[in-house]
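Trainee: Sequence plus predicted model, see below.
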Amino acid sequence: MSAEVERAVRRSLADYCDHVDRYDVPGILALFAPDGWYDLGFGRVFRGPVELRALFSRVEVYRATSHHVSNIVVDVDPAGDAAISRAALYAYHVRREDDSEAHVWGQYHDRFVRAGDRWLVQSRTLRMAAERGTRPEGGRVTLYEPLPRGI
Amino acid sequence: MSAEVERAVRRSLADYCDHVDRYDVPGILALFAPDGWYDLGFGRVFRGPVELRALFSRVEVYRATSHHVSNIVVDVDPAGDAAISRAALYAYHVRREDDSEAHVWGQYHDRFVRAGDRWLVQSRTLRMAAERGTRPEGGRVTLYEPLPRGI
Amino acid sequence: MSAEVERAVRRSLADYCDHVDRYDVPGILALFAPDGWYDLGFGRVFRGPVELRALFSRVEVYRATSHHVSNIVVDVDPAGDAAISRAALYAYHVRREDDSEAHVWGQYHDRFVRAGDRWLVQSRTLRMAAERGTRPEGGRVTLYEPLPRGI
């Protein structure tokens, strides 16, 4: 069973990247549970389809994005109806307005829930190891909340 | 069965990257079906071993390349003798002549066919989300045909 | 059995990246066999927990690192108690002292051994296709030993 869940989680992560990079917002939203949420860090949590749609509509500012997920680790809940995953992300972005670049290197920490024969994102938490070319907001030094580190 | 096919497809993609990055042209060609083809976009299709050899021999202009494939999704044909895959690519290149760099971020869209106990590339289609440092040809703005995008 | 071993190897590689990027040296060491070794190339081999600890403690010079492993290929020994793997690596580093960057693109060549129900790294050999921003030592042109290439 665990191998099946892992395949479903891997596929969801791959489809997520594909949908973001094609700017297919309905496709992205269909991967989330109805009350699913996305935690961008620094307290910015987007919950449910209305907030998620608003969040992912911001991808429009990019002329192109390319998301690459690897290092995927999946742990299935003993009850078999939930799973936790961790994955590494490298994403490249080019802004429409000035052709400037942004690179991010980080991790997704997700919780998936079973919905019939599908697995949906209950929550996605993004934390970054590093970023270059991003435009931090609110007087912060980074746009994204840093991944905790031993030193 | 599907999990077995997926493993074969993943391995073929991994071996392809390895062979390109080692500039092992016979190794690359052995991954393709006899009438296999590679679609670089903008109508540039290389079909069969003679054309594919000519295409991959161009890798010689690079002092180094490094291909990284992730986000792999495989769908097996109901009949079980063909499979469709989509994968994300990030590749880095350094030219021999001037040590200049090229980065590409895109997707492979492949069709695999069963040949005995092996799975061979019947077709590979490359589309790019973005590229930097490439040298477009034929008066075009990009070297590669762009990945379709919602906006 | 082979699929199980492959999952264990993939997980070990993913955990390795996570532990390095969090600068969790005990976590890294726990992935290696007691007499495990890491071959950085040019004759630099670090064997056993004391040498490995010294090696990985050098990660402290980086403010952030992000390791991304893909293209994983695993071959299990017929006896079932060892496995060989090859994987592509892209890693990004930011130095603490001057915020300067280093990128590396290469391959891990590993041998895993079974230890009860776990699989441990018996040996890891790193070879690079390319590097940018690294600081080569000992009068060499590159910091890492190059991946062999057909030309």
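Mentor: Good, I have the coordinates.
Trainee: what's the burial count for A:Ile28?
Mentor: 24 (other Cβ atoms under 10 Å in any protein chain shown). Every C-beta, even on glycine, is put in place using the N, C-alpha and C of the backbone.
Trainee: dump the residue contacts of it.
Mentor: By Cβ atoms under 8 Å, 6 or more residues apart in numbering or on different chains, the contact set of A:Ile28 is A:Tyr16, A:His19, A:Val20, A:Leu52, A:Phe56.
Trainee: What distance do you get for the closest residue in space to A:Ala33 that isn't next to it in sequence to B:Ile28?
Mentor: Once flanking residues are discounted, A:Ala33 sits nearest to A:Leu120: 4.1 Å by Cβ to Cβ, 6 or more residues apart in numbering or on different chains. For A:Leu120, the distance to B:Ile28 equals 39 Å [Cβ to Cβ, to the nearest Å].
Trainee: What of A:Tyr90?
Mentor: From A:Tyr90 across to B:Ile28, the span is 25 Å (Cβ to Cβ).
Trainee: what packs against the helix or strand where A:Gln122 lies?
Mentor: In the assignment (DSSP states H and E), A:Gln122 maps to strand A:118-132. With contacts defined as 3 or more Cβ pairs under 8 Å, 6 or more residues apart in numbering or on different chains; DSSP states H and E, strand A:118-132 has these neighbours: helix A:2-21, strand A:32-41, strand A:82-95, strand A:101-115, strand C:62-76, strand C:82-95.
Trainee: Using JSON lines, lay out those together with mean pLDDT.
Mentor: Conversion of those to JSON lines gives the following (pLDDT from 0 to 100):
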{"stretch": "helix A:2-21", "mean pLDDT": "96"}
{"stretch": "strand A:32-41", "mean pLDDT": "98"}
{"stretch": "strand A:82-95", "mean pLDDT": "98"}
{"stretch": "strand A:101-115", "mean pLDDT": "98"}
{"stretch": "strand C:62-76", "mean pLDDT": "98"}
{"stretch": "strand C:82-95", "mean pLDDT": "98"}
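Trainee: okay if I get the ones you listed as TSV plus mean neighbour count?
Mentor: Converted to TSV, the helices and strands packed on strand A:118-132 look like this (neighbours: other Cβ atoms under 10 Å in any protein chain shown):
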stretch	mean neighbour count
helix A:2-21	19
strand A:32-41	18
strand A:82-95	21
strand A:101-115	20
strand C:62-76	22
strand C:82-95	21
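Trainee: Quick one: those as a markdown table, columns for distance to A:Arg135 too.
Mentor: Below are those laid out as a markdown table (distance: least, Cβ to Cβ, whole Å):
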| stretch | distance to A:Arg135 |
| --- | --- |
| helix A:2-21 | 18 |
| strand A:32-41 | 14 |
| strand A:82-95 | 9 |
| strand A:101-115 | 8 |
| strand C:62-76 | 18 |
| strand C:82-95 | 18 |
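Trainee: quick one: which of the ones you listed is nearest B:Arg47?
Mentor: Nearest to B:Arg47, of all the helices and strands packed on strand A:118-132, is strand C:62-76, at 25.7 Å by Cβ to Cβ.
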